[in-house]
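Chemist: any chance you can model this:
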Amino acid sequence: MSTPLNVLVAEDSEADAALLVRRLQRSGYDPFWERVEDPGTMRAALSRVSWDIVISDSSMPHFSAPAALAILREAGLDIPFVIVSGTIGEEAAVAAMRAGASDFLLKDNLARLGPVVERELRESKIRSRRRKAEDELRSSEARYRNLFESIPLPMWVFDAETLRFLAVNEAALGHYGYSRAEFAEMTLADIRPAEDKPGLPEMVLGPVDEKQTWRHVRKDGSVITVEIKPRDVAFENRRARLALITDVTQRRQLEEQLRQSQKMEAVGRLAGGIAHDFNNVLSVIMSYSDLLLSDLNAGEPMRDDVEEIRKAATRAADLTRHLLMFSRQQIIEPKVLDINDVVAGMDKMLQRVLGADVSLIVSQNQPLGRVRIDPGSIERVIMNLAVNARDAMPYGGSLTLETENVTLDEEYARAHHGMVPGSYVLLTATDTGTGMDKATLARIFEPFFTTKAVGKGTGLGLSTVFGIVQQGGGSVWVESEQGKGASFKVYLPRVDAAIDSVRPVQPLTTSRGSETVLLVEDDDQVRVVTRGILSKSGYRVLEARNAGEAVLHAEAHVGAIHLLLTDVVMPQVSGPDLARRLATLKPGMKILFMSGYVDDGVLRQSVVQSLVACVQKPITPEILMTRVREVLDAGDATRSAGA
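Modeler: This is a model prediction of the structure:
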């Protein structure tokens, strides 16, 4: 039975084409064929039929085998291409084969045609199967690559011998902060803390059925705790391991917070029990002391001894009072109040407690939400935080007290055990002292725990803070590093109620003007509200988002610019640097800096010590307009810091 064969013949001679077809028939084929003799007819034929083979004359009046082969490749078809020629030179034949021709025959030796076609069809099928397998492999690899990249957890493959990263997914790039190119140049040792690197290969290449817990360092330097599930794999003919990484840092922190909370609760119950029992004993001692004192006249030898007993009992009672505060069992009289009023009323007292070598910086948010807490207790919290800060700064420094309204969401509450989502008033006490290590941080709120020398402290100051805040329905969190100071954050629930002791309301003073003010503020919302305040008060405002825009405004403005009102800290160019740049453009321009709370103590100190006028954020209309008017009405132009 003849084998069906679709043959496209590129030949200008009908007779020669028919001869080729007869030769194929004798070789056992049943050809369906078509003759073409120019590029146009060949392209048309290729688009109509799926051909098994192309047989082409080497040279035709309007066509040639190389041209036909080019059209075939242009169409993206991998079809056997056989050249038949009456006379073809060796060089031409070699060139045709290099161009992609399958074989060439002389017309006087067409006996080879059948075997050549059979061979080329067989090899074409092999190539087709191979292409299909390669396509399926590429498709499979693409599927696994897509799966690898789409997994939301970090994953990577590393060489089992060199520990070099071979592949990382998108989640790993995002979580660790390195680019794919950076990972390609790294090994597992590069993401480990220095203390975890010894013996790394042996530890990493442990049994694959065991979950491993490691510490990793991200590009930003932060250290995270991760759990890894490894699997042995072959990757590009290498022995490798696939690792699925789960960041458990937050979970571990929550577990530690829970353990700490449980420990503090247990210590609190113990302290409360001791305080109650001890107060019973002290009641007896103090009662009998008073009875004896009432019977003893002044000057009697025993009176001084009894008075010393009474003083010792009083000190002991004070200690138990602190323990009761810690265990949240003391009697209190909570009132609705504004913490800003409390801080303001303690200003002089705090200055005396801190001493001359510690500066007190107060940043109050207005208006501030109200809280319900015992007035004496919150004063004790502030005083104890100040004393703790002073003791942490033996060579001087600064203590910053800040108040603000905050709203804690579910995510924050989950990350801070014991916190409840909602609206709070936040009191933050930040010092520039010696800071604390992790071991100290874990114990600072425990009663009688102190890092001070013997006789220098009771260890009840911070435990009292803890108890008072807890009893007020709030929480205390501490951020500190050795040598980098400490920040105590006191969260108290906001209440929607009138202040119990109302202070006289001061009338709002307004200060209007018509001068031109160049306002420079990179925060859009702050800039908009400041512009509104200035414009409402009659000032003409030139608004700029950064120093570059400010310089352009100054150059383009024909008239005088009376005041530069600029933020201190901005990207690229700071407020003081901008003021120096504009001094030559507008020599008569006065300067008023707006300063918010910043971590950079050096910058804050430079602003405080300079002759530049400064208005502290958060701003209010009264404070801002009063300060603007004061600067504009000053006799001499206010200088910029460092100018």
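Chemist: quick one, what contacts the residue nearest to Met60 when sequence neighbours are not counted?
Modeler: In this structure, Met60 finds its nearest non-sequential neighbour in Asp12, 4.1 Å apart by Cβ to Cβ, 6 or more residues apart in numbering. Bear in mind the C-beta positions are built from the backbone N, C-alpha and C, glycine included. If you count contacts by Cβ atoms under 8 Å, 6 or more residues apart in numbering, Asp12 has them with 37, 57, 60-63.
Chemist: ok, of those residues, which one's closest to Asp190?
Modeler: Phe63 (62.7 Å; Cβ to Cβ).
Chemist: next, count neighbours for the closest residue to that closest one other than its chain neighbours.
Modeler: Leaving aside its sequence neighbours, Phe63 sits nearest to Asp38 (Cβ to Cβ, 6+ apart; 5.3 Å). Asp38: 15 surrounding residues under other Cβ atoms under 10 Å.
Chemist: how far away is the residue nearest to Met60 from Pro61?
Modeler: 6 Å (Cβ to Cβ, to the nearest Å).
Chemist: and for Val406?
Modeler: In terms of Cβ to Cβ, Val406 sits 90 Å off from Pro61.
Chemist: out of the two, which sits in the busier spot?
Modeler: The residue with more neighbours, out of Val406 and Pro61, is Val406; 15 against 8, by other Cβ under 10 Å.
Chemist: got a pLDDT number for that one?
Modeler: Note on Val406: pLDDT of 91.
Chemist: quick revisit: now do the shared contacts for Asp12 and Pro61.
Modeler: Residues touching both Asp12 and Pro61 (Cβ under 8 Å, 6+ apart) are Glu37.
Chemist: ok, for Arg540, nearest residue in space, not its chain neighbours?
Modeler: Excluding the flanking residues, the one nearest Arg540 by Cβ to Cβ, 6+ apart is Thr516, at 4.6 Å.
Chemist: ok, that neighbour - contacts?
Modeler: Contacts of Thr516 by Cβ under 8 Å, 6+ apart are 539-542, 557, 559-563.
Chemist: out of the residues you listed, who's nearest Arg22?
Modeler: Relative to Arg22, the closest of those is Leu542; by Cβ to Cβ it sits at 94.3 Å.
Chemist: wait, doesn't the closest one sit right on Leu519?
Modeler: Yes: using Cβ atoms under 8 Å, Leu542 is in contact with Leu519, at 6.8 Å.
Chemist: neighbour-wise, which of those two wins?
Modeler: Set Leu542 next to Leu519 and count neighbours by other Cβ under 10 Å: Leu519 wins out with 25 against 19.
Chemist: that one and Leu565 touch, don't they?
Modeler: Yes: between Leu519 and Leu565 there is a contact under Cβ under 8 Å: 5.1 Å.
Chemist: what sits in contact with each of the two?
Modeler: Contacts common to Leu519 and Leu565, judged by Cβ under 8 Å, 6+ apart, are 530, 534.
Chemist: ok, back up a step: would you mind checking the contacts of Thr516 for buried ones?
Modeler: Neighbour counting with 16 or more other Cβ atoms under 10 Å marks 539-542, 561-563 as buried within the contacts of Thr516.
Chemist: quickly find the element holding Thr407.
Modeler: Assigned by DSSP states H and E, Thr407 falls within strand 397-408.
Chemist: buried ones in that strand?
Modeler: 397-404, 408.
Chemist: what about the buried ones among the contacts of Thr516, which are in strands?
Modeler: If you go by DSSP state E, those have 540-542, 563 in strands.
Chemist: buried subset of the contacts of Asp12?
Modeler: The buried subset of the contacts of Asp12 - by 16+ other Cβ under 10 Å - is 37, 57, 60, 63.
Chemist: can I get those in CSV with pLDDT?
Modeler: Shown next, in CSV, are these (pLDDT from 0 to 100):
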residue, pLDDT
Glu37, 89
Asp57, 87
Met60, 84
Phe63, 89
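Chemist: and which of those residues is nearest to Val49?
Modeler: Distances from Val49 to the buried ones among the contacts of Asp12, taken by Cβ to Cβ, are shortest for Glu37, at 16.7 Å.
Chemist: go ahead and confirm that closest one touches Phe63.
Modeler: Yes: if you go by Cβ under 8 Å, Glu37 and Phe63 touch, sitting 5.7 Å apart.
Chemist: mutual contacts of the two, please.
Modeler: With Cβ under 8 Å, 6+ apart as the test, Glu37 and Phe63 both reach 10, 12.
Chemist: helix or strand next in line after the helix or strand of the chain with the lowest mean pLDDT, which one?
Modeler: Here the helix or strand of the chain ranked lowest by mean pLDDT, DSSP states H and E is helix 601-609, holding a mean of 42. Later in the chain than helix 601-609, the nearest helix or strand by DSSP H and E is strand 613-616.
Chemist: for the helix or strand just after that next one, the distance to its chain's centre please.
Modeler: Once the chain leaves strand 613-616, the next helix or strand it forms, by DSSP H and E, is helix 621-633. Put simply, helix 621-633 sits 38 Å off its chain's centre (Cα atoms, centre = their mean, to the nearest Å).
Chemist: ok, stretch 123-133 next?
Modeler: 51 Å.
Chemist: in that stretch, which residues are buried?
Modeler: Ser124.
Chemist: how much space between the closest residue to Ser27 other than its chain neighbours and Ile468?
Modeler: Nearest residue to Ser27 in three dimensions, chain neighbours excluded: Gly114, at 2.7 Å (Cβ to Cβ, 6+ apart). Computed as Cβ to Cβ, the Gly114 to Ile468 distance reads 104 Å.
Chemist: so for the two, which residue has more residues nearby?
Modeler: Set side by side, Gly114 and Ile468 show more neighbours around Ile468, with 27 against 16, by other Cβ under 10 Å.
Chemist: for the more buried one, give me the pLDDT.
Modeler: Ile468 is assigned a predicted lDDT (pLDDT) of 78.
Chemist: do the same with Thr509
Modeler: 48.
Chemist: just Val478 next, same as before
Modeler: 88.
Chemist: now swap in Gly596 and tell me
Modeler: 53.
Chemist: what's the answer for the one 4 residues further on, then?
Modeler: Model confidence at Asp600, given as pLDDT, is 39.
Chemist: cool, and Glu555?
Modeler: As predicted, Glu555 sits at a pLDDT of 90.
Chemist: can you tell me how far it is from Thr584?
Modeler: 11 Å.
Chemist: so what's Ser537 up against?
Modeler: Per Cβ under 8 Å, 6+ apart, neighbours of Ser537: 510-513, 625.
Chemist: show me the shaky parts of the stretch 501-643 of the chain.
Modeler: Filtered on pLDDT under 70, the stretch 501-643 of the chain yields the residue ranges 501-510, 596-612, 616-620, 635-643.
Chemist: list phi and psi for Leu519.
Modeler: Dihedral angles of Leu519 (phi, psi; degrees, to the nearest 10) stand at phi -100, psi 120.
Chemist: and it, how far is that from Leu592?
Modeler: 10 Å.
Chemist: which residues do these two both contact?
Modeler: Counting by Cβ under 8 Å, 6+ apart, the shared contacts of Leu519 and Leu592 are 565-566.
Chemist: can you pull out the strands in the stretch 151-300 of the chain?
Modeler: Assignment of strands within the stretch 151-300 of the chain using DSSP state E, counting those that start in this stretch yields the ranges 155-159, 165-168, 212-217, 223-235, 238-247.
Chemist: including distance to Ile245, could the buried ones among the contacts of Thr516 go into JSON lines?
Modeler: What follows is the buried ones among the contacts of Thr516, written out as JSON lines (distance: Cβ to Cβ, whole Å):
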{"residue": "Tyr539", "distance to Ile245": "56"}
{"residue": "Arg540", "distance to Ile245": "57"}
{"residue": "Val541", "distance to Ile245": "52"}
{"residue": "Leu542", "distance to Ile245": "52"}
{"residue": "Ile561", "distance to Ile245": "56"}
{"residue": "His562", "distance to Ile245": "59"}
{"residue": "Leu563", "distance to Ile245": "55"}
